[in-house]
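*Asks:* Coordinates only, no sequence provided:
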């Protein structure tokens, strides 16, 4: 016997694969697990949250920002059910994490007992794998398989349910036998013929485009952005990104047109996708979001490089589907372009996109020129914020009209530094995600951009930020409404307003009640002071940015 119990085995296995933090909320069904964490508190930090949804968001953001696996631990029944939105976000955005949930005691299973719900069945559709432990003996294999599934492409969350009476059962195995290197499956490589076929197709194209997706950032080669930039230069191509791949390529590079698609895509990016006669998609996100419900699609050739089988089900005609890791494919393709000595200009393509860029610039300039009484021009604010942010920064963004300001006016160089619940489109992620990102990258400035409706869904985690000394900065774009739907009611429903107007507390005062710092901004003249004050603060900070409900940011295409 090794002397490990189920709880100690799980904790030691997590430590051995490099887990640094467990986010969670204690309950009777996980009391023994938390007790084991006590002995590891100098190696694994327990971060207690005020709602289990936040625990998942923080674990999710830790992986997105740093690439390190994190864990959430929650009580059975109500605690588990509170994690479902976070699990859905992680599942849709392909984020690996481990949820450890308590469960009812084995002798109470199936008796409609206190706290009992069928957690495995509930979690299965939004996890890569969900299981209930039945004995200590199966734990070593089961935990290793769960972690392997989390990392298997496409990646995602997994859930282990441990009955309350099993935590102290002995385990006859060594948890250090679970090694991170053995959990990571090798990436698939393309054939030479596949690479050369794509090189030929893209070199021949008159209007070539490369789309980078989040999947390309998870491969073994972390320089995929630089590779794609050189590929674009050699092909005379332009680059667009999906929402989860912002910063994959240097967004200050004139060949990078920004994000494509609904809810934040730029006019040049959307135009390039429609006008392109050959698009190389590195990843799995040429989807309904990127194509506005499959209405804005490339006119001719589409090559998709992805290991995700879902791309085969999309209602698109692919010229070629390559089943391999997108970052590996980019490496092989760049080598082939160099070997062939391909370097070409596409002046007619440049002219087409110059038109889109000019139109987009006019929209942006008009937004910056607006003036309001008793309200800030949010376009001016976010342009200033973007210009002042240090290079080492992470931005987490909520869902709503406010996120469009971040997409339009903020640019990023490194990948994994703009985090949002892109593919589920859920509110309630951005603020707790900022806490997880800051813990993962303590020397980075972390800014959370949320609407007033979004922030109020997780406002309780401001206490977590204070208690755990996590100095994140929150910009609350406050229009006292659920404005996406308010705009639709005004434009599509004849002004029949119902369910979209809100009240908000004075966030500056609320911050001070929590012993954080706060500031309210209602006029453009205070933008410089506000940005300076926020960035100089070393405490959690709420900036209440009061804006007009009538202000609409530049939109590449308003409909889905």
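*Replies:* Yep, it's here. All figures in this text were calculated on a predicted structure; none of them were measured in a lab.
*Asks:* Centre of the chain to the longest helix seen in the chain, how far?
*Replies:* Assignment by DSSP state H gives helix 347-368 as the longest helix of the chain. In this view, helix 347-368 has its centroid 28 Å away from the chain centroid, taken as C-alpha atoms, centre = their mean, to the nearest Å.
*Asks:* Which positions in that helix come out as buried?
*Replies:* Using 16 or more other C-beta atoms under 10 Å as the test for burial, helix 347-368 gives 349, 352-353, 356-357, 360, 363-364, 367. Heads up, the C-betas are built off the backbone N, CA and C, glycines and all.
*Asks:* likewise stretch 222-233?
*Replies:* For stretch 222-233, by 16+ other C-beta under 10 Å, it's 224-225, 227-229, 231-232.
*Asks:* what do you get for stretch 549-559?
*Replies:* Those would be 549, 551, 553-557, for stretch 549-559 by 16+ other C-beta under 10 Å.
*Asks:* Repeat that for stretch 70-84.
*Replies:* For stretch 70-84, a neighbour-count test (16+ other C-beta under 10 Å) marks 70-77, 79-83 as buried.
*Asks:* Which ones among the buried residues of stretch 549-559 lie within strands?
*Replies:* If you go by DSSP state E, the buried residues of stretch 549-559 have nothing in strands.
*Asks:* Would you point out the most distant pair within the buried residues of stretch 70-84?
*Replies:* Pairwise distances across these (C-beta to C-beta) peak at 22.9 Å, for the pair 70 and 77.
*Asks:* all strands of the stretch 301-450 of the chain, in order?
*Replies:* With DSSP state E, counting those that start in this stretch applied, the stretch 301-450 of the chain shows strands at 301-305, 320-322, 393-397, 418-420, 445-451, listed in chain order.
*Asks:* Show me what the fourth one is packed up against.
*Replies:* Using 3 or more C-beta pairs under 8 Å, 6 or more residues apart in numbering; DSSP states H and E as the contact test, the elements touching strand 418-420 are helix 52-66, strand 393-397, helix 430-440.
*Asks:* Same list (these) but as TSV, adding mean pLDDT, distance to residue 245 and mean neighbour count.
*Replies:* Formatted as TSV, these follow (pLDDT from 0 to 100; distance: least, C-beta to C-beta, whole Å; neighbours: other C-beta atoms under 10 Å):
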stretch	mean pLDDT	distance to residue 245	mean neighbour count
helix 52-66	97	12	29
strand 393-397	96	14	27
helix 430-440	98	17	29
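*Asks:* about what we covered before: export the buried residues of stretch 549-559 as CSV, with columns for distance to residue 394 and pLDDT.
*Replies:* Converted to CSV, those look like this (distance: C-beta to C-beta, whole Å; pLDDT from 0 to 100):
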residue, distance to residue 394, pLDDT
549, 29, 95
551, 26, 95
553, 22, 94
554, 24, 93
555, 25, 91
556, 24, 88
557, 28, 83
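*Asks:* I'd like to know which of the residues you listed are part of helices.
*Replies:* Judged by DSSP H, the subset of those located in helices is empty.
*Asks:* Would you enumerate the residues in contact with the nearest residue to residue 403 once chain neighbours are set aside?
*Replies:* Excluding the flanking residues, the one nearest residue 403 by C-beta to C-beta, 6 or more residues apart in numbering is residue 397, at 4.7 Å. Neighbour list for residue 397: 403, 406, 418-420, 430, 448-450 [criterion: C-beta atoms under 8 Å, 6 or more residues apart in numbering].
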